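Asks: Generate a structure from the sequence data that follows.
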Amino acid sequence: MNARRGRAAPREPMRVQKYLSQAGAASRRQAEVMMREGRIAINGRPVTEVGVRVTPGVDTVSLDGREVVPAPRRWIVFHKPTGVLCTRTDPHGGNTIYDLLPVWAKGLRYVGRLDRDTSGLLLLTNEGDLAAALAHPRARIEREYLARVAGQVTARGVKALKTGIELEDGFARPKRVRRVALDEDEWGLTLVLTEGRKREVRRLLKAVGHPARSLARVRFGPFRLGNLKPGGWRPARAEELAEAKALVGRGPRRRRGPGRVRPQRTPRGSHA
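Replies: Prediction:
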């Protein structure tokens, strides 16, 4: 393998399709097709075997004769405003999150979408493997929401949420629930969930007679929204990323002995 001057310090070897994915040149599936078509070369030699590994900072990977250089790993915490879509383009001409972010952020993917009417913390990154691990239901990463709700929240309503609600797609129960007095005549609820069912928070609140007037995600695992203004963003902190990787590495705790039968999970979506 040929070392080259001016390159970053070598990292661990990886499959070439992962290298291309991290560089934003192609998805892993697309990269496999490109390799079979002879479009990928390593150190000037075409490769067609999908199991080939390369070492970033040492090997040169080319696509159609042009060198592919991995982009630096980026993680940002973004405060998504209401009325903005988590999508790259809106066919109806509405604003998307990428309209509010720097040009270089257009290559980042979001982790756990929020619907149009929900604001708050949204993670974006080009580190696909960790992003997928954080978003997967198996990781059971906590998402915390703050909801302004209609009506005065009673202890009975909080108890119903803590006990759990049978929704149209199965049983749902927040991990934690707490009521808060936001103003003299307005109440709120904080809910912590670890699943990713579509509009789960809104459906839970509606089921107990307190539909959400507004809803914001204030935490995703170790990442916190803090005082970030709507439309603003910041780089993720090193300690947040370290904790996120540790959470994914530990995985969910397993119960020993006989336990409850878990309801079948629905496909991933937005809690909100």
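Asks: Please report how far Lys206 lies from Leu167.
Replies: Relative to Leu167, Lys206 is positioned 10 Å away (criterion: C-beta to C-beta, to the nearest Å). Every residue, glycine included, has its C-beta placed from N, CA and C.
Asks: what about the stretch 1-150 of the chain, any weak spots by pLDDT?
Replies: In the predicted model, the stretch 1-150 of the chain carries pLDDT under 70 at residues 1-10.
Asks: Now do the strands in it.
Replies: Remark: strands of the stretch 1-150 of the chain, listed N- to C-terminal, are 14-15, 40-42, 45-46, 53-54, 61-63, 66-67, 75-80, 109-111, 118-125, 143-149; assignment by DSSP state E, counting those that start in this stretch.
Asks: Arg217: what secondary structure?
Replies: Following DSSP: H, G, I helix; E, B strand; the rest coil, Arg217 is assigned to strand.
Asks: What about Lys206, how many residues nearby?
Replies: Here the number of neighbours of Lys206 (other C-beta atoms under 10 Å) works out to 16.
Asks: what do you get for the one 3 residues further on?
Replies: When neighbours are counted by other C-beta under 10 Å, Gly209 registers 14.
Asks: Likewise for Leu101?
Replies: Around Leu101 there are 16 other residues, counting by other C-beta under 10 Å.
Asks: ok, now how distant is Pro222 from Glu200?
Replies: With distances taken as C-beta to C-beta, Pro222 is found 21 Å from Glu200.
Asks: neighbour-wise, which of the two wins?
Replies: Each of Pro222 and Glu200 had its neighbours counted (other C-beta under 10 Å), and the higher figure belongs to Glu200 (24 against 18).
Asks: Contact partners for that one?
Replies: For Glu200, the contacting residues are 167, 172, 193, 271-272, taking C-beta atoms under 8 Å, 6 or more residues apart in numbering as the criterion.
Asks: from the residues you listed, which is closest to Trp233?
Replies: Ala272 (19.1 Å; C-beta to C-beta).
Asks: Now the residue sitting nearest the centre point of the chain: closest residue in space, sequence neighbours ignored.
Replies: Taking C-alpha atoms, centre = their mean, the centroid of the chain lies closest to Val111, which sits 1.7 Å from it. Closest residue to Val111 in three dimensions, ignoring its sequence neighbours and counting by C-beta to C-beta, 6 or more residues apart in numbering: Leu123, at 4.0 Å.
Asks: Make sure the one you found is actually in contact with Arg113.
Replies: No: counting by C-beta atoms under 8 Å, Leu123 stays clear of Arg113, with 10.5 Å between them.
Asks: Show me which of these two is the more surrounded one.
Replies: For the pair Leu123 and Arg113, the greater number of neighbours falls to Leu123 (23 against 20), based on other C-beta under 10 Å.
Asks: what residues are up against that one?
Replies: For Leu123, the contact set (C-beta under 8 Å, 6+ apart) comprises 75-78, 110-112, 131, 134, 220, 223, 236.
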